[in-house]
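Q: Give me a 3D structure for the following:
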Amino acid sequence: MAFATRPLRFSATLAIALAAGIAAGAPAQAEKLRLGNEGVFPPFSMVDADGTVKGVEPDLAREMCKRMKVECEIQVMDFKALIPSLTQGKFDVLISQLLMTTERRQRLTLTRRLFVNPSTFVVAKNSNYTFTKEGLKGKGMKLGLQKGGANSKWAQETFGDSIEYVYYENPDQMKLDLFAGRVNALVMLKINAATQILMKPEGKDWKIDGGEYNIGQDDIPEGERGLTWAVRKGEDGLVKRLNAALDTIIADCTFTAIRKKYLDVAVLPEDAACVTKGM
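A: All right, here's what the predicted structure looks like:
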């Protein structure tokens, strides 16, 4: 009987040993994160003719992934589809900057602040608007807004039926209609308005007006307001890892080196400190 059972024991032991050897010798599969970005928000993101996604945010994300020792794949889609696609699990990290509104903080888990870039208005230089509901009533203003942006809800709540709202898929369409006179004003982030309109030859007849707004962030201390990336609600472990990598990128001024490739304006107090140090 002992003789009959011995081969079975041997086979089981051999199988375990073989399995352990295969496991030990097999290369571990690298962790992969899928990143979502809109790709049409220069200088923060754009797509080259060859399909490469570049800009401040894609380059920053690649450096983040390098420091996390993970593989990353960037998926490009319309801005309005980013949050639904993230919550549905179609990708893991949203890397198109988001205003830290109360609604988004309730729905998503946000990373550390990455950009300080308040919203403002772009209007014709010869205009003289008062940016209140009463001040704009009867002025015939058509305001251009991006679909899915926090600015859209804020503008409707602020100005009500005193103006007309025109919605666009992306900022390029907004600018074309502004220059063509199909809208009178745009709500944009200030840095983007300056670099993509005012600093361009075609922007000579336009100005920033109406103040600056960190929309939906009145309950956040002023020194913490800004824009961020996001993961699904409850992904606290992932966001902790993202923040750890981002913190080191910002602290050693790599963030500033990446930003300088595309933009001459500091976008964080820590970024400005790196510029002061000559980085």
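Q: Am I right that Ala245 falls within a helix?
A: Yes: when classified by DSSP: H, G, I helix; E, B strand; the rest coil, Ala245 is found to be part of a helix.
Q: Quick one, grab the pLDDT at it.
A: pLDDT, Ala245: 98.
Q: what do you get for Glu224?
A: Glu224 is given a pLDDT of 91.
Q: give me every residue that touches Ile163.
A: Counting by CB atoms under 8 Å, 6 or more residues apart in numbering, Ile163 touches Leu136, Lys139, Met141, Lys142, Leu143. Glycine gets a C-beta too; all of them are placed from N, C-alpha and C.
Q: which residue packs closest to it, ignoring adjacent ones?
A: In this structure, Ile163 finds its nearest non-sequential neighbour in Met141, 4.2 Å apart by CB to CB, 6 or more residues apart in numbering.
Q: and Ser96, what helix or strand is that in?
A: strand 93-99 (DSSP states H and E).
Q: Now that strand: average pLDDT?
A: 96.
Q: partners of that strand in the sheet?
A: strand 32-37 (parallel), strand 227-232 (antiparallel) (DSSP bridges).
Q: out of these, which comes closest to Lys80?
A: With CB to CB, the closest approach to Lys80 among the strands paired with strand 93-99 belongs to strand 32-37: 12.0 Å.
Q: Pull out the buried residues from that closest one.
A: Leu33, Arg34, Leu35, Gly36, Asn37 (16 or more other CB atoms under 10 Å).
Q: do the same with stretch 32-52
A: 33-47.
Q: Go through these and name the one nearest Thr111.
A: Leu35 (12.1 Å).
Q: residue contacts, the closest one?
A: Leu35 neighbours (CB under 8 Å, 6+ apart): Ala61, Cys72, Glu73, Ile74, Gln75, Phe91, Asp92, Val93, Leu94, Ile95.
Q: Emit the ChimeraX select command for whichever of these are buried.
A: Buried residues among the contacts of Leu35 (16+ other CB under 10 Å), as a ChimeraX selection:
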select :61,72,74,75,91,92,93,94,95
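Q: In the stretch 151-279 of the chain, what residue spans correspond to strands?
A: 164-168, 185-189, 206-213, 227-232 (DSSP state E, counting those that start in this stretch).
Q: Without its sequence neighbours, what residue ends up closest to Val99?
A: If you look again at residue 99, you'll see it is Leu, not Val. Ala150 (4.4 Å).
Q: just to revisit the earlier point, include distance to Ile215 and pLDDT when you put the buried residues of strand 32-37 into JSON lines, please.
A: Shown next, in JSON lines, are the buried residues of strand 32-37 (distance: CB to CB, whole Å; pLDDT from 0 to 100):
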{"residue": "Leu33", "distance to Ile215": "28", "pLDDT": "97"}
{"residue": "Arg34", "distance to Ile215": "28", "pLDDT": "98"}
{"residue": "Leu35", "distance to Ile215": "24", "pLDDT": "98"}
{"residue": "Gly36", "distance to Ile215": "21", "pLDDT": "98"}
{"residue": "Asn37", "distance to Ile215": "21", "pLDDT": "98"}
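Q: Of all pairs in those residues, which one spans the longest distance?
A: That would be Leu33 and Asn37, which, of these, are the farthest apart (CB to CB) at 12.5 Å.
Q: Any stretches of the protein with poor pLDDT?
A: Within the chain, the stretches with pLDDT under 70 are 1-29.
Q: what domains does the record give for it?
A: 32-116+225-276, 119-213 (automatic domain parsing).
Q: Let me have the ones you listed in JSON lines, adding distance to Asp219 as columns.
A: Shown next, in JSON lines, are those (distance: least, CB to CB, whole Å):
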{"stretch": "domain 32-116+225-276", "distance to Asp219": "7"}
{"stretch": "domain 119-213", "distance to Asp219": "14"}
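Q: number of nearby residues for the closest residue to Arg107 other than its chain neighbours?
A: Counting by CB to CB, 6+ apart, Arg107 lies nearest to Lys233, which is 6.3 Å off, once chain neighbours are set aside. Close neighbours of Lys233, defined as other CB atoms under 10 Å, add up to 14.
Q: Kind regards, and thank you for your time.
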